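1. Sequence first, predicted model second:
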Amino acid sequence: SGDHRDLHSFPTRRSSDLLLAVSLYVTNFSLWLRAEVIDSQAFVTTTVEVLNGPEAREATASIMVSRLVEQVPILVVVQGGLVEIFADLLATEELQGLLALLGEELHARMVSGDPSALVLDLDPFREPLLAPFSLLAPELVDDVPDTWFDSVAIIDGGAIPNVEPVVALNNLVLFVAGAASVFLIAVTAPLSKKWWTALALIGGAMIFAGAVSLFLVPVADSIVSDEFSNTSLQQLATGLYRGFTDTLTARSLLLVLGGLVLAGV
């Protein structure tokens, strides 16, 4: 009769283990989303950190200079030099406010679902931005139009991801997934009969949940990269994606390590 009961309880236990793994995965992802993407201060901080990196600065400078060359074609003769100088300029204290503004505008569009282009008013940064021309080609300073400072399109319309639906549901999803995780962990012990079996099952669910995230992060990286044909924009987008998902990878790795400890016991 004991064997008969075990045969009947096996599908139930297996289903609860699978549900626990899924709920842990969703909880882990939702916690990361709330802490790193939905939180505006954290989002801007990460954006500024990423944009201060050499590759991101070069990509941002390339976009800014290409927009300027569109208005003043003669500047194409010094385009390469301008990109290098602008990239160095973006690392200075004077332009950290510009990077923060870029992060704020990007966050506002993502969470609101605004598909319009990300256009920045660079007039407050006119003097430091004109400095490269004085060094590289003083005679071209007067050719820089005022309209360029008024509106520089850093990211074209439709290129910014819309996370509004996810943001709207995240708190509810986090509550349901978190509650489900606690409940399923609580019922794992009576379903397993033995405490060491329960630890192994809970640990296995944690390993599975963390491993799924560790697998999906690089997969999504390649998808983000393929979304953009413009090399500079592609470089900027992938840099930001990796900057934000570094913490998701760290959280998922801790989940896997915690699962290994429980399973090892």
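-> Okay, I see it. Note that this is a predicted model, so its numbers are computed, not measured. Numbers count the residues shown, from 1 in each chain.

2. Now do the helices in this structure.
-> For the chain, the helices defined by DSSP state H cover 2-32, 40-51, 54-71, 79-89, 96-112, 126-136, 146-150, 164-192, 195-226, 231-264.

3. average pLDDT across the fourth one?
-> Confidence for helix 79-89, expressed as mean pLDDT, is 87.

4. tell me which residues in it are buried?
-> Buried residues in helix 79-89, defined by neighbour count with 16 or more other CB atoms under 10 Å: 82, 83, 84, 85, 86, 87, 89. Backbone N, C-alpha and C define where each C-beta goes, glycine included.

5. Next: the shortest one.
-> Of the residues in helix 146-150, those buried by neighbour count under the rule 16+ other CB under 10 Å are 148, 149.

6. Residue numbering should commence at 37 henceforth.
-> Yes, from this point I'll number from 37; that puts the last item at helix 182-186.

7. Least confident of the helices of the chain, on average?
-> Across those, the lowest-scoring stretch is helix 38-68, with a mean of 73.

8. Can you lay out the helices of the chain as CSV showing distance to residue 192?
-> Shown next, in CSV, are these (distance: least, CB to CB, whole Å):
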stretch, distance to residue 192
helix 38-68, 28
helix 76-87, 18
helix 90-107, 10
helix 115-125, 19
helix 132-148, 12
helix 162-172, 21
helix 182-186, 16
helix 200-228, 19
helix 231-262, 16
helix 267-300, 8
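
9. for the ones you listed, which one sits closest to residue 194?
-> Closest approach to residue 194 among the helices of the chain (CB to CB): helix 132-148, 10.8 Å.

10. on contacts alone, who are the packing partners of that closest one?
-> helix 76-87, strand 154-156, helix 200-228 (3 or more CB pairs under 8 Å, 6 or more residues apart in numbering; DSSP states H and E).

11. show me the contacts for the closest residue to residue 291 other than its chain neighbours.
-> Closest residue to residue 291 apart from its sequence neighbours, by CB to CB, 6 or more residues apart in numbering: residue 246 at 3.4 Å. When contacts are counted by CB atoms under 8 Å, 6 or more residues apart in numbering, residue 246 is found next to 61, 64, 288, 289, 290, 291, 292, 295.

12. Could you rerun that using 6 Å?
-> 288, 291, 292 (CB atoms under 6 Å, 6 or more residues apart in numbering).

13. quick one: which of these is nearest residue 185?
-> Nearest to residue 185 among the contacts of residue 246, with distances taken as CB to CB, is residue 288, at 43.1 Å.

14. Tell me, how many residues neighbour residue 265?
-> Neighbourhood size, residue 265 [other CB atoms under 10 Å]: 7.

15. Also residue 63?
-> By the criterion of other CB under 10 Å, residue 63 has 22 neighbours.

16. Is it correct that it is in contact with residue 214?
-> Yes: using CB atoms under 6 Å, residue 63 is in contact with residue 214, at 5.1 Å.

17. related to what we said a few turns ago, wait, which of the helices of the chain is closest to residue 156?
-> It is, among those and with distance given as CB to CB, helix 132-148, at 6.3 Å.

18. The closest one vs helix 76-87, what angle?
-> Orientation check (axes from the mean of the first three to the mean of the last three CA atoms, to 10 degrees): helix 132-148 against helix 76-87 gives 120 degrees.

19. Using CSV, list the CA coordinates for helix 132-148.
-> What follows is helix 132-148, C-alpha atoms only, in CSV (Å, rounded to 0.1, in the frame of the first residue of the first chain):
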residue,chain,number,x,y,z
GLN,A,132,28.1,63.9,-17.3
GLY,A,133,24.9,65.8,-17.2
LEU,A,134,24.3,65.1,-20.9
LEU,A,135,24.7,61.3,-20.2
ALA,A,136,22.3,61.5,-17.3
LEU,A,137,19.8,63.4,-19.5
LEU,A,138,20.1,60.7,-22.1
GLY,A,139,19.4,58.0,-19.5
GLU,A,140,16.4,59.9,-18.2
GLU,A,141,14.9,60.4,-21.7
LEU,A,142,15.5,56.8,-22.6
HIS,A,143,13.8,55.5,-19.4
ALA,A,144,10.8,57.8,-19.9
ARG,A,145,10.2,56.5,-23.4
MET,A,146,10.7,52.8,-22.5
VAL,A,147,8.3,52.8,-19.5
SER,A,148,5.7,55.0,-21.2
